[in-house]
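> Next come a sequence and a model predicted from it.
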Amino acid sequence: MKLLRAAAQVLTAVPVAVVLHDCVFTVCRVPDPSMAPTLQGGGEYVFVDKFSIRSWMAPCPELRGEVVYLRSPNEPDKVLLKRVVGIPGDWISDWDSIPLQVPKGHCWVEGDDKKSNRTNRFQKHFAGGLVPFGLIQGEVRGIVWPPNRLGKVERSTTTNKRFYFRRTKE
């Protein structure tokens, strides 16, 4: 009887855990140091809010500056943590000073470590750039490990000088 009760609890708990992980939140390891100094990488873990993604379906200025959890456009089996720098309608000057307008359904993301972004852009790994909103899976809310770094991940609107924002009239 105890075995049957334990099996029933497991059969109830597993689907609930899967739904929470897929739709509400997750805890993930910071995959690389491209978000330094905000996120250090190398054993740091963050809390990701997946539920709030529903409010991003329509582009809003509040998204700019947030750190997001997304699938890599180059390697779909990998997740990335990047900051949203531009939203639809913004004009952004890329690394080669070629201005482009962020199209509808996309945003411009980058890591906080500008030096890392510049050197990694020629490699296979995605350093930053235009991504469809569909690849964004959540918003990073806070650092949960290690204990000495425990805290909220703040929004940042400071940008590198090469970016300029200008919303177009809709």
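Now that the structure is in, tell me what you want to look at.

> Partner strands of the longest strand seen in the chain, with direction?
Longest strand in the chain, counting residues (DSSP state E): strand 136-145. According to DSSP bridges, strand 136-145 forms sheet pairs with strand 45-49 (antiparallel), strand 67-71 (antiparallel), strand 151-152 (antiparallel).

> now the first one, how far from the chain's geometric center?
On the basis of CA atoms, centre = their mean, to the nearest Å, strand 45-49 is displaced by 10 Å from the centre of the chain it belongs to.

> Can I get it in CSV, CA atoms only?
Provided in CSV are the C-alpha atoms of strand 45-49 (Å, rounded to 0.1, in the frame of the first residue of the first chain):
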residue,chain,number,x,y,z
TYR,A,45,23.2,29.9,-11.7
VAL,A,46,20.3,32.2,-12.4
PHE,A,47,16.5,32.2,-11.9
VAL,A,48,14.6,32.5,-15.2
ASP,A,49,11.0,33.6,-15.4
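
> pLDDT below threshold where in this protein?
For the chain, the stretches flagged by pLDDT under 70 are 10, 13, 16-23, 54-61, 94-97, 114-125, 127, 157-170.

> which residues in the protein form strands?
With DSSP E, the ranges of strands along the chain come out as 25-29, 45-49, 67-71, 79-86, 91-93, 99-101, 106-110, 128-132, 136-145, 151-152.

> Using PDB, list the CA coordinates for the first one.
Below are the C-alpha coordinates for strand 25-29, written out as PDB (Å, rounded to 0.1, in the frame of the first residue of the first chain):
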ATOM      1  CA  PHE A  25      10.400  29.100 -14.400                       C
ATOM      2  CA  THR A  26      13.800  27.400 -14.500                       C
ATOM      3  CA  VAL A  27      17.200  27.700 -13.000                       C
ATOM      4  CA  CYS A  28      20.100  27.600 -15.400                       C
ATOM      5  CA  ARG A  29      23.800  27.700 -15.400                       C
END
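
> For it, buried residues please.
Under the neighbour-count criterion of 16 or more other CB atoms under 10 Å, strand 25-29 has Thr26, Cys28 buried. Heads up, the C-betas are built off the backbone N, CA and C, glycines and all.

> Pull the residues that contact it.
Contacts with strand 25-29, where a contact means CB atoms under 8 Å, 6 or more residues apart in numbering, come from 43-51, 69, 79, 81, 138, 144.

> Fine, thanks again, bye for now.
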